[in-house]
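Chemist: Next input, structure requested:
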Amino acid sequence: MGEAKEPRSECPINAAIEVFGDRWSLIVLRDIVFADRRYFRELQAGSIEGIASNILADRLKRLVTSGLLTREDTRAGQRARYSLTEPAIQLIPLFAQLGSWALRHRPTSSALNARAELLEQGGPTLWHEFMDELRHEHLGSRRRVGLR
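Modeler: Presented below is the predicted three-dimensional model:
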């Protein structure tokens with residue numbers, strides 16, 4: 001994977017793009033977030049975009065290194081399980097906004113639009129509820145009831 005590179009600039013947008021701005025990282029995170037695929041084989045077999053195994057392995061390593069995923073240490077013969085970190089969970093509003101933008105400006109499939117439409121309609125209240133569910137599932141935190 002190599003050493004950490006110096007950022008191209010100190011611009012906040014550049015800093016984000018350098019972590020997840022390649023063509024696969026957000027797709028891998030999407031599948032963990034929305035499809036609860038936590039294992040390599042699940043991520044590869046369930047990829048509607050057809051991610052190659054070497055690309056998936058590289059992106060998982062990068063996402064762990066960048067602090068967006070954790071990889072559960074395993075014993076011999078066990079599969080590694082990936083979990084979201086708090087910074088990854090805080091990408092939910094970004095996923096919602098990306099989906100909303102694509103619904104308006106890109107060709108999409110009506111069969112795949114439901115999630116984007118639901119996130120758009122639910123707005124920040126739904127996003128925060130979903131983030132709390134993800135915290136519970138991935139970080140083991142207690143769900144907050146009625147708190148914002």
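
Chemist: Run a quick neighbour tally on G123.
Modeler: When neighbours are defined as other CB atoms under 10 Å, G123 has 11 of them. Placement of C-beta: from N, CA and C, glycine included.

Chemist: Could you pull up phi and psi at it?
Modeler: Summarising the backbone geometry of G123 under the convention degrees, to the nearest 10, its torsions are phi 60, psi -170.

Chemist: Which strand or helix spans S83?
Modeler: Following DSSP states H and E, the helix or strand that holds S83 is strand 81-84.

Chemist: what mean pLDDT does that strand have?
Modeler: For strand 81-84, the mean pLDDT works out to 97.

Chemist: same check, this time on stretch 28-37
Modeler: Per-region confidence: stretch 28-37 scores 97 on mean pLDDT.

Chemist: Stretch 58-66 too?
Modeler: 96.

Chemist: Dump it to PDB, keeping only the CA atoms.
Modeler: The C-alpha coordinates for stretch 58-66 follow below in PDB (Å, rounded to 0.1, in the frame of the first residue of the first chain):
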ATOM      1  CA  ASP A  58      -6.800  -2.300  -1.900                       C
ATOM      2  CA  ARG A  59      -9.800  -0.100  -1.000                       C
ATOM      3  CA  LEU A  60     -10.500  -2.000   2.200                       C
ATOM      4  CA  LYS A  61      -6.800  -1.500   3.300                       C
ATOM      5  CA  ARG A  62      -7.000   2.200   2.300                       C
ATOM      6  CA  LEU A  63     -10.200   2.700   4.200                       C
ATOM      7  CA  VAL A  64      -8.800   1.100   7.300                       C
ATOM      8  CA  THR A  65      -5.600   3.100   7.100                       C
ATOM      9  CA  SER A  66      -7.500   6.300   6.600                       C
END
